[in-house]
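In: I'll drop the sequence and a predicted model, then ask my questions.
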Amino acid sequence: MFLFLLNEIIPLQVEEPVVHRNLGGRPYQVCADGTFLILNPTSFFHFSSDGKLIRKLGKKGGGPGEFRAIFTGTWDGKHYVIFDAIGERFSIFDDEGRFLKMFQANHIVSKLGSTGDSTFVLHFPRVRSVRKELLSDTGSLTDLERLEEVPSFHKASPEIKRYLYNNCNHWIRKIGSKYHVFDELSPRVYVYESQQQKTPKVIPLGLPGFVEAPETFFDRRGKTPQQFSKWWFAWSRNVGFHAKADSFLAAYEVPNPDDPHVARLAVSKCGIDGMSIDVQYFDDSYFVGANPLRYYILQDIDDLESLLPKYHIIGVPW
């Protein structure tokens, strides 16, 4: 109860639906300025740190400023940058929400993020290396400046190699001189002393309830959507990762014993040795992101008897 009182409750001041329960993408983000981004397939919502709607961008369609399947996006204080998976294209808006440009991507995009004053693109080219690049002030993707090329990171997880899963999410956190790599399918952190190191140190994380993916992917031929959904939610996927000098924070989905078609969200704090220190479970919830003090959970509550608004963000100390 005391821990609950320490939580920060942020009601989102929005009337229309903002959450879309899809199977792909990680469309939530905590920005460097403390604001929040929530994306659904056709719209991009930017909320202030106290839940006020700053701006909504986009609508359904294929024209300029329109989207059919938003996969990721970010805000860097100067531009909104949004990636639409259908057509593999970027759309760029200014700080007032005016549409500026649209570009085709020449790679598989995993994530857009912000360093606080610039936008980076984390992607997986066809050669399977991981590259993190800086978007220029002009907003042009043809003028991308390479920050780092890490050809060994794509070998970090045997699970990724086994599934040939090019679109898998990765999280790369640098603490001191060490790179910590965490991917979507494995409950392990791979630690590189440098970008040149070929064989990383492996730290198994004690993630309660984590169910590793099966050996083979689901053959959808002749199967119903309900059968696929039940298979999809029968195993775990990581949806967020944060690292500090003395601990890791892992957010992941676990099978829901009450409903095989919906996952539960688990967030576990682990020591630097990988041992679980604390884990909390959330229903009807999505991991937004974390900073060194709190992690943030978006909840979508349909219970009319709930004292909380339908959409709200919970900030939990860690």
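Out: On my side now, so go ahead.

In: rest of the way, CA atoms for contacts and neighbours
Out: Fine.

In: and residue 17, how far is that from residue 43?
Out: 10 Å (CA to CA, to the nearest Å).

In: scratch that, residue 300
Out: Applying CA to CA, the value for residue 300 to residue 43 is 17 Å.

In: hang on, the earlier thing: residue 17 and residue 43 - which one has more neighbours?
Out: Counted by other CA atoms under 10 Å, residue 17 and residue 43 do not tie: residue 43 has more neighbours, with 20 against 10.

In: I'd say the more buried one and residue 56 touch.
Out: Yes. Here residue 43 reaches residue 56: they are 6.9 Å apart, a contact under CA atoms under 8 Å.

In: correct me, but residue 235 touches residue 229?
Out: No. At 11.0 Å, residue 235 does not count as touching residue 229 under the criterion of CA under 8 Å.

In: So which of those two has more stuff around it?
Out: Neighbours per residue (other CA under 10 Å) separate residue 235 from residue 229, with residue 235 holding more: 19 against 14.

In: got the contact list for that one?
Out: 210-214, 253-255 (CA atoms under 8 Å, 6 or more residues apart in numbering).

In: give me the number of residues near residue 313?
Out: 26.

In: got it, and residue 104?
Out: 14.

In: Contacts only, for it.
Out: 87-90.

In: now swap in residue 299 and tell me
Out: Per CA under 8 Å, 6+ apart, neighbours of residue 299: 283-286, 310-314.

In: The same query, at a cut-off of 7 Å, please.
Out: Contacts of residue 299 were listed using CA atoms under 7 Å, 6 or more residues apart in numbering, and they are 284-286, 311-313.

In: now residue 28
Out: By CA under 7 Å, 6+ apart, the contact list for residue 28 reads 37-39, 288.

In: Tell me the confidence at it?
Out: pLDDT, residue 28: 85.

In: and the gap between it and residue 63?
Out: 24 Å.

In: hey, what's in contact with both of residue 43 and residue 56?
Out: Joint contacts of residue 43 and residue 56 (CA under 7 Å, 6+ apart) do not exist.

In: helix/strand/coil for residue 227?
Out: Following DSSP: H, G, I helix; E, B strand; the rest coil, we place residue 227 in the helix state.

In: picking up where we left off before, export the contacts of residue 299 to CSV and tack on distance to residue 32?
Out: Below are the contacts of residue 299 laid out as CSV (distance: CA to CA, whole Å):
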residue, distance to residue 32
284, 26
285, 22
286, 19
311, 22
312, 20
313, 17
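
In: Let's have those in a markdown table, adding distance to residue 96, secondary structure and pLDDT.
Out: Listed next are the contacts of residue 299 as a markdown table, based on distance: CA to CA, whole Å; DSSP: H, G, I helix; E, B strand; the rest coil; pLDDT from 0 to 100:
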| residue | distance to residue 96 | secondary structure | pLDDT |
| --- | --- | --- | --- |
| 284 | 32 | coil | 84 |
| 285 | 30 | strand | 89 |
| 286 | 28 | strand | 90 |
| 311 | 25 | strand | 87 |
| 312 | 25 | strand | 91 |
| 313 | 24 | strand | 93 |
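
In: Now which of the residues you listed would you call buried?
Out: Buried subset of the contacts of residue 299 (neighbour count, 16 or more other CA atoms under 10 Å): 285-286, 311-313.

In: From the residues you listed, pick the one nearest residue 247.
Out: Closest approach between the buried ones among the contacts of residue 299 and residue 247, by CA to CA: residue 286, at 21.6 Å.

In: you'd agree that closest one is up against residue 300?
Out: No. Using CA atoms under 7 Å, residue 286 is not in contact with residue 300, being 8.5 Å away.
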